[in-house]
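K.L.:
Okay, here's the prediction I keep looking at, along with the sequence it came from:
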There are 2 protein chains.
Amino acid sequence: MSVTAAKGFTAAGIAAGIKGNGNPDLALVVNTGPRRAAAGVFTSNRVKAAPVLWSEQVLKGGRVSAVVLNSGGANACTGPKGFQDTHATAEKAAEVLGGIGAGEVAVCSTGLIGVLLPIDKLLPGVETAAAQLSEHGGEKAAIAIKTTDTVHKTSVLTRDGWTVGGMAKGAGMLAPGLATMLVVLTTDADLEAEALDKALRDATRVTFDRVDSDGCMSTNDTVLLLASGASGVTPEHAAFAEAVRTVCDDLGQQLIRDAEGASKDIKVEVVHAATEDDAVEVGRSIARNNLLKCAIHGEDPNWGRVLSAIGTTKAAFEPDALNVAINGVWVCKNGGVGEDRDQVDMRYREVHIVADLGAGDATATIWTNDLTADYVHENSAYSS
Amino acid sequence: MSVTAAKGFTAAGIAAGIKGNGNPDLALVVNTGPRRAAAGVFTSNRVKAAPVLWSEQVLKGGRVSAVVLNSGGANACTGPKGFQDTHATAEKAAEVLGGIGAGEVAVCSTGLIGVLLPIDKLLPGVETAAAQLSEHGGEKAAIAIKTTDTVHKTSVLTRDGWTVGGMAKGAGMLAPGLATMLVVLTTDADLEAEALDKALRDATRVTFDRVDSDGCMSTNDTVLLLASGASGVTPEHAAFAEAVRTVCDDLGQQLIRDAEGASKDIKVEVVHAATEDDAVEVGRSIARNNLLKCAIHGEDPNWGRVLSAIGTTKAAFEPDALNVAINGVWVCKNGGVGEDRDQVDMRYREVHIVADLGAGDATATIWTNDLTADYVHENSAYSS
C-alpha cells in the first residue's frame, strides 16, 4: 500500500526509459488534499544534488502537492543544466497535474552521480505517470525508485482514524546525515507543516540517522512527509510522532536487511554512556570498522576490534571498565578477556553487539551490516 | 640491512613458538652505544596495548638500550596479567643482555587482540635471540615481526658519515593516530633524545600519519628511533630530519604496497586547500570511502564518489569550484562533468587522485589502497 495507504494520495510508477534495462524508473506521488502540508529532511552532505537543492527550497513553503522521483540517475554534480532539468521536471508535473505551481512539486533523484538525466525521456514520463495516478499506485511507485535494492520497501501504520504510510529506497551509500536514502511518507492526519516537521525530525534522528551501512553519505538523501488531512482527524502530537517514528524505524530496518552484499544485520547497542552523543559516536565508530565488519562476516566474535574502534572516539570511558557482549555472551569484561568466545552463536543473520562504557546512563543503537566480497563486487563491477 | 645498517646496533630474529606455525615471531634490537638516546611515537587509540603503555613510560627517559618485538599476539586488552608479561619481557631482556635495567627496554607486540602471550615461550625466546645478536641481524629481525605482511619492510639511507635505517611491519589496521604500525628506526648519528624526538614527530606527521589503508586504528602502533652515536657525527638538524622523513616515507610506501588484499595503491593529493588541516581532512575522507575504494578496484574513475566524500567534510570549499583529476584526466570540473572519463587509464597499480578545493594554497597527500574481496577474505576467514 505504501504511500497510498493514507487517504488523499494517489501514486504511479512507470518505466520512462531512464534506465537502460527498461525497468521502472519514475514515480509520482500526488497529495489530493484537502490539506497539502509537508516537511522534509535532506542530506547534510555539502555536495548536494540538484533535486535536493530544489526540494529544499520547495519545502521552505511547508506545502507540497506532488513529488516526482526517478531512479537511473542522481542528477548530482551536473551543474546549472542539472538544476534546470530538475526545475523543468517540476514545471512539467505542475502542468500535467493542473491547478498547482512548480513551487509545490518536490523532486528526488537517485542513481549514478555526475551524469545528466535524459530529460527527453523524463518529461514525457511525468506525463505518462500522471495519466496512471491511482489510489492503489503506492506499490508501483515504491518499485520505480529502486536502484540496487533487491526488494521495494513500504510500511503502513493505521491508528484511530488516521494512517501513516511510506516507501523507501536505499541499499548502498547509506550513512547518517539527517536522512540517508529516498523516503516518502504520507499521512491523512490533519496536521500543519510545523507539526509534521517536528515529528519527522524527531523520528529520523533516532531511525534513519542511526542506520549506517557503509559510512558513505549520499548527495541525494531526502525524506519527505506529506499530510493530506483527508481523514479529518488531528491526532495528539505524541501519538503522531510515535507513528512516524515506527514507520521510519520499519523502513530503516528494511534498508539494512537489503544492504548491498550483506549477509549479517548488526545491531550495535551502546549502553551506560555519559551522554547520548557519546553513545552515538561510539556506536558509529564500531559500525564503521571495516575489520570488525569482516570478522562478523566470518562469524568471528572478534571483540578486540570492537575495543579498538571504541578507543578511537572522544567518548567518556576508562579502557579497563569496558564490557562487550556479542549475541548475549560477555566476551570482554573490564577491558580484557571475559566469557568464553566459543560460546557465541554466530549462525544467525542478526548479530547483537552491546558495548557497555560504564560511564553513565545514556544509550543509543546503530544498525549496520557486515562487509562482504559481494559488497565489493557490487560496487566495483560497474558504475553506480 | 634494516636496523643494523647504522653502526652501534645488533639485532636478531628467531622463532620462539609464539606463532603456531613455527614462523619467526621474536625480534631483538640492541643499541650498543656509545649513546643510547631514543624517541618514540605511539598510537593515539585510547585502548592501548600493554607494551604501548610500558614503552611510553620507557621513552619518557629518552633512553632505550634494547627493543623486544613479538608477532603472534598483540597483548592488548589483556589486563594486569598482560602488563606483567610485558614487564617480565623487559626484565628478561635486561637480565640476559647484562648491564642495563628493564627501564631501558622497549617492548612492542603485534597480532590478535585479547589473548595473553605464551610467556613460557616468549621469555626463553628472548634468551635465544640475545645469543644470536649480530651486526647483520637486521633482516632477520624485520622478518620476525611480520604478521599478515607478505614481505618484510626495511629502508636505509646513508649521508655524510652517518646512516638512518629501519624496519616496519603492517598490512592491515593501518590508519592514522601518530603511528600506524610497528617501526624501529636506528641511526649512528650522535644526537640527543630531544633532537630525535623532534625529527621523528615531524617525519611521522607527514608520512605514517598519512597512510590510511582501512581507517582502522591499531591498539599497538609504535614507531621508535634509537641513536647510538657510533658514527661520531652530529648532523645538522635539517639534514637529519630530512633523512628520517625519507626513511619513514619509504617504509610507509612499503606498507601501502603490501596492504591486505590490495590491488591498487591510491595517492590522494589534495591541493588548493585553505589550510593543511583541511587538506588532510579531505584526503582522509576520500581515502576512507569504501564505495570509492571499490570503484578503483573495478578500474572505474568514479569521481562522483570523490565529490560525495569531500562533501562530508568541514573543509573550506564551494561545491561548484571543485575539480578532480584521476590519473591526469580532469574528470570533474567546477563541481560537474569535466573531461571524458573514458580517457582515464586505470590499468596500472598506482592510481593518482587530485582533489582541487580551489580555496587556498595548502596541500596534503594521503595514501590508501582499494577495497577488495581479498581484504574481506583475509579479515573474515580467521581471527587476526
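P.N.:
Here it is on my side, so go on.
K.L.:
which residues touch the residue in the stretch 251-384 of chain A that chain B sits nearest to?
P.N.:
Per CB to the nearest CB, A:Gly304 is where the stretch 251-384 of chain A lies closest to chain B, at 2.5 Å. C-beta here means a position set from N, CA and C on the backbone, and glycine is covered the same way. Residues near A:Gly304 by CB atoms under 8 Å, 6 or more residues apart in numbering or on different chains: B:Ala74, B:Ala76, B:Cys77, B:Leu112, B:Ile113, B:Gly114, B:Thr219.
K.L.:
May I ask which of these has the most neighbours?
P.N.:
B:Ala76 (32 neighbours; other CB atoms under 10 Å in any protein chain shown).
K.L.:
Check that residue and give its pLDDT.
P.N.:
The model reports B:Ala76 with a pLDDT of 85.
K.L.:
Could you tell me which residues make contact with it?
P.N.:
A:304, A:307-308, B:47-50, B:82, B:109, B:113-114, B:219-220.
K.L.:
In helices, which of those residues appear?
P.N.:
A:Gly304, A:Leu307, A:Ser308, B:Ala50, B:Gly82 (DSSP state H).
K.L.:
From start to finish, how long is stretch A:137-156 in a straight line?
P.N.:
14 Å (CA to CA, to the nearest Å).
K.L.:
Select from the ones in helices among the contacts of B:Ala76 the one having the most neighbours.
P.N.:
For the ones in helices among the contacts of B:Ala76, neighbours tallied by other CB under 10 Å; top is A:Ser308, 30 neighbours.
K.L.:
Surely it and B:Ser218 touch.
P.N.:
Yes: if you go by CB atoms under 8 Å, A:Ser308 and B:Ser218 touch, sitting 6.6 Å apart.
K.L.:
And whichever strand or helix holds A:Arg284, what does it pack against?
P.N.:
If you go by DSSP states H and E, A:Arg284 is part of helix A:276-287. Applying 3 or more CB pairs under 8 Å, 6 or more residues apart in numbering or on different chains; DSSP states H and E, one finds that helix A:276-287 contacts strand A:265-273, helix A:303-310, strand A:350-356, strand A:362-369.
K.L.:
contacting residues around it?
P.N.:
A:176, A:210, A:212, A:215, A:266, A:268-271, A:273, A:292, A:306, A:309-310, A:312-317, A:353, A:355, A:357, A:359-360, A:362-368.
K.L.:
go on, stretch A:248-255?
P.N.:
A:151, A:153-155, A:166-168, A:170-171, A:174, A:180-181, A:183, A:185, A:203-204, A:206-208, A:210-211, A:213, A:223, A:367.
K.L.:
can you list the residues of the stretch 201-350 of chain A near chain B?
P.N.:
Within the stretch 201-350 of chain A, the positions near chain B by CB under 8 Å from any CB of the partner chain are A:214-219, A:288-291, A:294-298, A:300, A:302-305, A:307-313, A:317, A:319-320, A:322, A:332, A:334-337.
K.L.:
circling back to that earlier point, which two of the contacts of A:Gly304 have the greatest separation?
P.N.:
B:Leu112 and B:Thr219 (11.0 Å; CB to CB).
K.L.:
what do those two both touch?
P.N.:
In contact with both B:Leu112 and B:Thr219: A:Gly304, B:Ala74, using CB under 8 Å, 6+ apart.
K.L.:
quick one, helices of chain A?
P.N.:
A:50-60, A:79-97, A:119-131, A:138-144, A:193-206, A:237-257, A:276-287, A:290-297, A:303-310, A:373-378.
K.L.:
Quick check: chain neighbours aside, which residue is closest to A:Thr204?
P.N.:
A:Val41 (5.2 Å; CB to CB, 6 or more residues apart in numbering or on different chains).
K.L.:
Actually, A:Leu123.
P.N.:
Nearest to A:Leu123 is A:Lys92, by CB to CB, 6+ apart, at 4.8 Å.
K.L.:
what's the burial count for the one you found?
P.N.:
Around A:Lys92 there are 21 residues (other CB under 10 Å).
K.L.:
Tell me the spacing between it and A:Ala129.
P.N.:
10 Å (CB to CB, to the nearest Å).
K.L.:
Counting neighbours, which of the residues of the stretch 201-350 of chain A next to chain B end up buried?
P.N.:
Neighbour-count burial (16 or more other CB atoms under 10 Å in any protein chain shown) applied to those gives A:214-219, A:288-291, A:294-298, A:300, A:302-305, A:307-313, A:317, A:319, A:322, A:332, A:334-337.
K.L.:
burial count for A:Tyr348?
P.N.:
11.
K.L.:
Apologies, that question was intended for A:Ile143.
P.N.:
22.
K.L.:
so what's the nearest residue to the residue of the stretch 251-384 of chain A closest to chain B once chain neighbours are set aside up against?
P.N.:
Of all residues not flanking A:Gly304 in the chain, B:Ile113 sits nearest, at 2.5 Å (CB to CB, 6+ apart). Neighbour list for B:Ile113: A:Asn302, A:Trp303, A:Gly304, A:Arg305, A:Leu307, A:Ser308, B:Ala49, B:Ala74, B:Ala76, B:Cys77, B:Thr219 [criterion: CB under 8 Å, 6+ apart].
K.L.:
Then A:Ala309?
P.N.:
A:Ala309 touches A:Val282, A:Ser285, A:Ile286, A:Arg288, A:Asn289, A:Leu292, B:Cys216, counting by CB under 8 Å, 6+ apart.
K.L.:
which one of those residues is nearest B:Leu28?
P.N.:
B:Cys216 (28.4 Å).
K.L.:
now the contacts of helix A:276-287: which count as buried?
P.N.:
A:176, A:210, A:212, A:215, A:266, A:268-271, A:273, A:292, A:306, A:309-310, A:312-313, A:315, A:317, A:353, A:355, A:357, A:359-360, A:362-368.
K.L.:
surely A:Ser71 meets A:Ala142?
P.N.:
No: in this structure A:Ser71 lies outside contact range of A:Ala142 using CB under 8 Å: 11.1 Å.
K.L.:
which residues are in contact with both of these two?
P.N.:
Common neighbours of A:Ser71 and A:Ala142 (CB under 8 Å, 6+ apart) are A:Lys169.
K.L.:
Low-confidence stretches in the stretch 101-250 of chain A?
P.N.:
A:171-180, A:216 (pLDDT under 70).
K.L.:
Which residue is it, in it, that comes closest to chain B?
P.N.:
A:Ile113 (2.5 Å).
K.L.:
Which residues of the stretch 1-150 of chain A lie near chain B?
P.N.:
A:45-48, A:74, A:76-79, A:82, A:112-116.
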